[in-house]
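Asks: 3D model of this:
(2 chains)
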Amino acid sequence: MNELIDIAETWFRQQGWKPFPFQKKTWKAFLAGKHGLLNAPTGSGKTYSLWIPVVLQYIKDHPDYKTKRSPGIKAIWITPLRALSVEIQQAAQRFADELDTGLTVGIRTGDTPQSERARQKKNMPDLLITTPESLMLLLASKGYAKTFSTLQAIVVDEWHELLGSKRGVQMELALSRFKTICPRLRIWGISATIGNLEEAQDVLLGMDSSFRKNAVLIKAKNKRKVIVKSIIPKKMETFPWRGHLGLHLLDEVVPILKKSRTTLIFTNTRGQCEIWFQKLLAEYPELAGAIAMHHGSISKDTRLWVEQAIRNESLTAVVATSSLDLGVDFAPVETIIQIGGPKGVAKFLQRAGRSNHRPGEASVIYFLPTHALELVEASALKRAVQEDVMEDRIPYLLSFDVLIQYLLTLAVSDGFFPKEIYKEIKTTFCFQGISDDQWQWCLNFITIGSQSLQAYDEYRKVTVTPQGLFKVESRQIAMMHRLSIGTIVSDAMLLVKYVSGGFIGTIEEWFIGKMKPGDTFVFAGRTLELVRLRNMQAQVRAAKKTSTNVVSFMGGRLPLSSQMSKILREELNSVPMAAEERPAQSRELKALEPIFKRQRRESVVPGAHEFLIESFKTREGYHCVCYPFEGRFVHEAMSGLLAYRISLLSPVTFSLAYNDYGFELLSDRPIDIQQIIDNNLFSADYLFDDLQKSLNATELARRKFRDIAVISGMVFQGYPNKTIKTKHLQSNSQLLFDVFRDYEPNNLLYLQAFRETFEHQLEEGRLREALERINTQTIVWKPCMKPTPFSFPIITDRLREKLSSEKLADRIKRMTLQLEK
Amino acid sequence: MTASIYIHEQEFILHPSGAVYWERQNMLLIADVHFGKVTHFRKHGAAVPLKSSEENFQKLRDVVAIYSPKTVCFLGDLFHSRKNSEWKQFEKWVQETEAKIILVSGNHDIIPSYLYQDLGLEVRDELRLDDFLFTHHPTANEALFNIAGHVHPGIRLLGVGRQSIKLACFYKRKGQFILPAFGTFTGKHIIRPQPEDIVYAIVEGQVVCVSANP
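Replies: Purely as a prediction, here's the structure:
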């Protein structure tokens, strides 16, 4: 083995590099036939940690490798982002070429042209770089087992990005198949630092002991230093109490831009990104040409152009969203600005890490608060970075929607025998707990579309041959399935194009759907006028007037992680402490003093042993605001729970709002707070039952069901560019959810929507802990005269849930009809 | 619980199933049943529960039993798509039913008319009776009052405390009355009425007036 390692080290020396200890460790482990997980940050040479041993293994197996090529695919490299594949290809090809191995490196993603794909099918490259979705598509093609029989390694890059999503489940299932068809397979993952690295490795390798026993976890030790600086408003008194844009501090940003080579300005949503870009240009016209914008809806060409411009150092700043979180390294980036709370330490650090890739030097990240209380978050973030706190990525369990899609994939290609596949999927982390009944349910679902055979039924998706092979016979079903493979469900998207031609980007259909021709909107940094909608295309022209109608996008509201919430609570609880008792206060907390003073005047700043409830009346009704400081999702659940429990005492209707700090119950009638305290309504007893009964859970499950319906193939999203012909097959998941509720409530997919709601959305475990904590605290109820600084960002939130125990017919008597405006 | 409205001095009873009973003509009006939709989806690989299609027929039997009308008039979109196995159940229902059955065709009704006619149904593009014009698509007419389907109307109600709720509804505006969709596996289209319009919402088995004018 040492001779082989020498080959690689010599090559490194020729480049003027020296391998990191973790790289050598990984080479050796791979060559020793081990599986494993490599924990290494972006930009640390991880491609060479795992591609090199694949090549070395080939050299070892084929001593005459320089003269004689052995055909067949050797390795698959999975990347979650297509954008990363070119960079990996170049690095891998370079090593293969300079060692005269003749090995080829190919890419196969959604962007790969049909002709290239056909060529690959006949003659696979030695290393194939692909995405989880494209890998699944390969399993959906005939004869896949033969194609991959020579495969020796699968490397899953950025595994932390896939883990904790259904794409991770998709990978687990694919790997379970490859383990059978490739006897010499080695499985490796590469992950950034997360709280649950050991679990991440278990999920990747599966539950079969032969793989687990022969595995290693390798950690790279080159930790980068991060410096966090908050941008603190000069006059706290006039800084807003609510908001999410942060434009008040625009003037503070420009000097930072001018000081450094290239600055990345990270925003949390695409809408915020557009607005910041516009405002920077409007206020500082001299920046024209020196700044650019980058987000997921902008056309790929523009994005690539921006990325190249960053590398060339021709830009002062780029306003971006998470579209620039991952991937390729930009050496000229010196400074990062984060606008608004990133909600998690890992995300924040990942963004910080986009700057200054020179080893040894610290990364600098500025935090720009969008409202006053966010400075507490900044203070908490600083501590989290110092103390090395990291979030977990929670893997999905028993995702039947992904399993059904996978079974159909196998049925579309060569067909499958349930006995064989059942054994395989039971070894995955996700399906280790599947019962025989659940498995049979899934088989019934894909063959007869329900659980009992009924006369007159025309459902036939998968048919069973007399030999017991499960196979898709219908060409139409096969084609529809191939088009639907994937677990990322997006809204219907429209292409935005100039009337004269020229592609600008893609936009959610519901946004354009609200507009009439002649309306203007801001998108991709331009003000556009809608001319007409045609065939899923929004045709536009440059608008003459300005517009305030910035494209807004759904989603993007991440909750505060539990690790962050804990630190945030500790920071805040230090405020009421006596000066001599409390730890040294951060600049951020000191700056917030005027706000705390105001809060104390109207109410209190709660200490560690206090739980604050405020009540007051406004024009909108009677407000009750509670402050657990546990993050949006927990508050969402807790507000529903509390509202439900109050509603058991007397019929009432609430509208609920929440943010990362607390939640609000709003009613058209006074709320008796004393009754909440007297009846111990924050009890953790009967939590699951009560949650399930709160209407909230149904509404949340309804939203989860949307993805489940698409992934499991219940809702077909249409052929590309052929929307009309499938209209008669379009139903929405809402309608399906209702028919399942009314006619098939034990459907596993329907139930899964609830399970996902509890496990991933309401975070039942976290909720229970929070309630137990509240039960150890003293409840402090403050009747207030008017909204307090703490309550303000919550009660002005426009995204709301409802809960009611009144009869619908009684409720609507007090409601009014929404009329034409 | 039903509600009654009067159009041109004639009483129409609004039933919570979405059907309307016209007293004077002893006629039951039903819009947008979309029979066969469940089966159509199943045929194309989406496992919509079969029970929801059975429920469609049950609902129809129940409401016909209540009024025992002389005529049942479907205001279009009786079948969602081509003929499929639900046709057999429909045949059975037609044979059991004593009332005369009229189908005013809609955009989804692509099953050839002669198949309906073979079962004894009367198929037409529109129906003129008294002062009324019955169509599938809402159709403005100077002389006649139009009663139609097609829209699947629903409304949104707003309350204090930012409550909001969507319900299927009967919708009457100037010269026109639109029925909600009768079928179980059909969606609704949220309309925004004018202040003078009349809206009856279907809520938990009741028909309730939610507009300012009854």
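Asks: Show the contacting residues for residue 93.
Replies: In the absence of a named chain, chain A is used. Residues near A:Q93 by C-beta atoms under 8 Å, 6 or more residues apart in numbering or on different chains: A:104-105. All C-beta spots, glycine's among them, are computed from the backbone N, C-alpha and C.
Asks: The chain in question should be chain B.
Replies: For B:W93, the contact set (C-beta under 8 Å, 6+ apart) comprises B:57, B:60-61.
Asks: Please report how far it lies from chain A.
Replies: Distance of B:W93 to chain A, given as C-beta to the nearest C-beta, to the nearest Å: 14 Å.
Asks: element containing that residue, please.
Replies: The secondary structure element spanning B:W93 is helix B:86-96 (assigned by DSSP states H and E).
Asks: What residues of that helix count as buried?
Replies: Residues B:86-87, B:89-90, B:93 are the ones in helix B:86-96 that count as buried (16 or more other C-beta atoms under 10 Å in any protein chain shown).
Asks: low-confidence ranges in chain B?
Replies: Residue ranges of chain B with pLDDT under 70: B:159-163.
Asks: Please check the contacts of B:W93 and keep the buried ones.
Replies: B:57, B:60.
Asks: Below-threshold pLDDT in the stretch 401-550 of chain A: ranges please.
Replies: Where the stretch 401-550 of chain A drops to pLDDT under 70, the residues are A:452-453, A:455-456, A:489-493, A:510, A:513-514, A:535-536, A:545-550.
Asks: switch the cut-off to 90
Replies: A:448-461, A:474-477, A:479-480, A:483-550 (pLDDT under 90).
Asks: Those residues of it touching chain B, which are they?
Replies: A:445, A:449-450, A:454, A:456-459, A:461, A:476-477, A:480 (C-beta under 8 Å from any C-beta of the partner chain).
Asks: Out of these, which sit inside strands?
Replies: Among those, no residue falls in strands (DSSP state E).
Asks: Dump the residues you listed to a markdown table, plus distance to A:V402 and neighbour count.
Replies: Converted to a markdown table, these look like this (distance: C-beta to C-beta, whole Å; neighbours: other C-beta atoms under 10 Å in any protein chain shown):
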| residue | distance to A:V402 | neighbour count |
| --- | --- | --- |
| A:F445 | 13 | 25 |
| A:G449 | 19 | 24 |
| A:S450 | 20 | 20 |
| A:Q454 | 27 | 13 |
| A:Y456 | 31 | 13 |
| A:D457 | 26 | 17 |
| A:E458 | 26 | 14 |
| A:Y459 | 21 | 22 |
| A:K461 | 16 | 25 |
| A:Q476 | 23 | 10 |
| A:I477 | 18 | 19 |
| A:M480 | 17 | 24 |
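Asks: if you look at those, which of them are in helices?
Replies: Those of these mapping onto helices are A:445, A:476-477, A:480, per DSSP state H.
Asks: contact partners of the strand or helix carrying A:L691?
Replies: Take DSSP H and E as the rule and A:L691 turns out to sit in helix A:687-693. For helix A:687-693, contacts defined as C-beta under 8 Å, 6+ apart pick out A:637, A:640-641, A:644-645, A:697, A:754, A:758, A:762, A:764, A:767-768, A:771.
Asks: Buried residues, it. List them.
Replies: Under the neighbour-count criterion of 16+ other C-beta under 10 Å, helix A:687-693 has A:690-691, A:693 buried.
Asks: following that helix, which helix or strand comes up?
Replies: Next along from helix A:687-693, by DSSP H and E: helix A:695-711.
Asks: tell me the mean pLDDT for the next helix or strand after that following helix?
Replies: Counting by DSSP H and E, the element after helix A:695-711 in chain order, helix or strand, is helix A:733-743. Mean pLDDT, helix A:733-743: 86.
Asks: can helix A:733-743 be found next to chain B?
Replies: Yes - using C-beta under 8 Å from any C-beta, helix A:733-743 reaches chain B at A:734-736, A:739-740, A:742-743.
Asks: and which of those residues is nearest A:E570?
Replies: Taking C-beta to C-beta as the measure, A:E570 lies nearest A:Q734 of these, at 41.8 Å.
Asks: quick one, what contacts the nearest residue to that closest one once chain neighbours are set aside?
Replies: Distances taken as C-beta to C-beta, 6 or more residues apart in numbering or on different chains place A:R702 nearest to A:Q734, at 6.6 Å, with adjacent residues excluded. A:R702 sits next to A:734, A:737, A:753 when contact means C-beta under 8 Å, 6+ apart.
Asks: go on, B:I191?
Replies: B:I191 neighbours (C-beta under 8 Å, 6+ apart): B:151, B:153-155, B:169, B:171.
Asks: For A:N775, give its distance to B:Q89.
Replies: When C-beta to C-beta, to the nearest Å is applied, the distance between A:N775 and B:Q89 equals 57 Å.
Asks: again with B:Y114
Replies: Distance, B:Y114 to B:Q89, using C-beta to C-beta: 20 Å.
Asks: circling back: can you put the contacts of A:R702 in TSV and add neighbour count?
Replies: Shown next, in TSV, are the contacts of A:R702 (neighbours: other C-beta atoms under 10 Å in any protein chain shown):
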residue	neighbour count
A:Q734	13
A:F737	22
A:A753	25
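Asks: between the residues you listed, which is closest to chain B?
Replies: Minimum distance to chain B across those is 7.4 Å, recorded for A:Q734 (C-beta to the nearest C-beta).
Asks: How many residues are close by the residue of the stretch 1-150 of chain A found nearest chain B?
Replies: Here the residue of the stretch 1-150 of chain A nearest chain B is A:A140; by C-beta to the nearest C-beta that distance is 15.0 Å. A:A140 is flanked by 21 other residues according to other C-beta atoms under 10 Å in any protein chain shown.
Asks: Make sure A:I52 is indeed in a strand.
Replies: No - under DSSP: H, G, I helix; E, B strand; the rest coil, A:I52 sits outside any strand and is assigned helix.
Asks: distance of B:V210 from B:P193?
Replies: As judged by C-beta to C-beta, B:V210 and B:P193 stand 9 Å apart.
Asks: Common neighbours of those two, please.
Replies: Counting by C-beta under 8 Å, 6+ apart, the shared contacts of B:V210 and B:P193 are A:817, B:155, B:199.
Asks: In a markdown table, list those residues along with distance to A:M515 and secondary structure.
Replies: Shown next, in a markdown table, are the shared contacts of B:V210 and B:P193 (distance: C-beta to C-beta, whole Å; DSSP: H, G, I helix; E, B strand; the rest coil):
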| residue | distance to A:M515 | secondary structure |
| --- | --- | --- |
| A:L817 | 24 | strand |
| B:I155 | 23 | strand |
| B:V199 | 26 | strand |
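Asks: And these, which is closest to A:H295?
Replies: Nearest to A:H295 among the shared contacts of B:V210 and B:P193, with distances taken as C-beta to C-beta, is B:I155, at 36.4 Å.
Asks: list the contacts for the closest one?
Replies: Contact analysis of B:I155 by C-beta under 8 Å, 6+ apart lists A:817-818, B:166-167, B:169, B:171, B:190-191, B:193, B:199, B:201, B:210.
Asks: buried residues in the longest strand along chain B?
Replies: Using DSSP E to define each element, chain B has its longest strand at strand B:163-173. Across strand B:163-173, burial judged by 16+ other C-beta under 10 Å covers B:163, B:165, B:167-173.
Asks: Let me know how buried the nearest residue to A:K25 once chain neighbours are set aside is, in neighbour terms.
Replies: Nearest-residue entry for A:K25: A:I218, 5.2 Å, with adjacent residues in sequence omitted and distances by C-beta to C-beta, 6+ apart. Neighbourhood size, A:I218 [other C-beta under 10 Å]: 20.
Asks: Tell me if A:I218 really is in a strand.
Replies: Yes - applying three-state DSSP, one finds A:I218 inside a strand.
Asks: So it versus B:E196, what's the distance?
Replies: A:I218 is 74 Å from B:E196, by C-beta to C-beta.
Asks: just A:T112 next, same as before
Replies: Going from A:T112 to B:E196 by C-beta to C-beta gives 59 Å.
Asks: same check, this time on B:T186
Replies: Note on B:T186: its distance to B:E196, by C-beta to C-beta, is 28 Å.
Asks: More neighbours: these two, which one.
Replies: Taking other C-beta under 10 Å, B:T186 and B:E196 do not tie; B:T186 has more neighbours (21 against 11).
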